[in-house]
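Enquirer: Okay, sequence plus prediction incoming.
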Amino acid sequence: MIDDVQWFVGIDWATQSHRVCLLDVEGRHVNERDFAHCGAGLTELRDWLLEKTKAAPEQIAVAIETPHGPIVEMLLDHAFLVFAINPKQLDRFRDRFTVAGAKDDSRDARVLGGSLRTDRQAFRQLVVDDPLVIELREWSRIAEELKQERTRLANRVRQQLWRYYPQVRRARHHRSRPRTYPHDRGATASRQSADQGGAPGSGRALRQARSSGEPVGAEP
């Protein structure tokens, strides 16, 4: 199926609109335009590709930087061949066309389509996932985003307390220390005294008496 590809498409996706570049099998630039990131815009993108190429979706290969999202799912649902690439790896292909570092949507879209035509092994072909896998991936993404949001809010509260009410932080520090009660302090002092050999009836004093040959408990 991949060997039957006659058209190559590069999509520089964004949150508001997507720049789409269409190349023929020889790498010649055919056309390009922007599509809005909405339901109507994605439908228009599908119809535009089919109209310009006059080919079946299986003969159109699409290159994009993201492996998921509405635009990817729409293309897969309509049997287009979709390939994803890591953005860092795409930077290396971009150097073939220009060394300029400025962002250029048209150039990036053309680099995607041209690189897919010449270096298809550097791309990963995407397939439609099982609905349960898609649901699990979305729930995992939501959980990760909520965890990051909780950490951000906790850091924000901590910074506000440090600026305007530092007493709360000091009180929290004191509460985190282990508490000691009077009977605990007495027992601790007795154990320390016994270890130092300061008490006549301590374990260390008894061991010293036995080693010297004196009777244990004898009066001096």
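Expert: Cool, the structure landed.
Enquirer: For whichever helix in the chain runs longest, name the packing helices and strands.
Expert: Ordering each helix of the chain by length in residues (DSSP state H) puts helix 131-164 first. With contacts defined as 3 or more C-beta pairs under 8 Å, 6 or more residues apart in numbering; DSSP states H and E, helix 131-164 has these neighbours: helix 166-175. Placement of C-beta: from N, CA and C, glycine included.
Enquirer: Could you rerun that using 6 Å?
Expert: Using 3 or more C-beta pairs under 6 Å, 6 or more residues apart in numbering; DSSP states H and E as the contact test, no helix or strand touches helix 131-164.
Enquirer: How far off centre is it?
Expert: Relative to its parent chain, helix 131-164 has a centroid offset of 12 Å by C-alpha atoms, centre = their mean, to the nearest Å.
Enquirer: quick one: buried residues of it?
Expert: Going by neighbour count (16 or more other C-beta atoms under 10 Å), nothing in helix 131-164 comes out as buried.
Enquirer: That helix - what's its average pLDDT?
Expert: Averaged across helix 131-164, pLDDT comes to 88.
Enquirer: Ok, stretch 21-33 next?
Expert: pLDDT averaged over stretch 21-33 gives 94.
Enquirer: Now do that stretch: distance from first to last residue.
Expert: One end of stretch 21-33 to the other measures 7 Å (C-alpha to C-alpha, to the nearest Å).
Enquirer: Now tell me what touches that stretch from outside.
Expert: Residues outside stretch 21-33 that contact it (C-beta atoms under 6 Å, 6 or more residues apart in numbering): Gln6, Phe8, Val9, Gly10, Lys52, Ala109, Arg110, Gly113, Gly114, Arg117.
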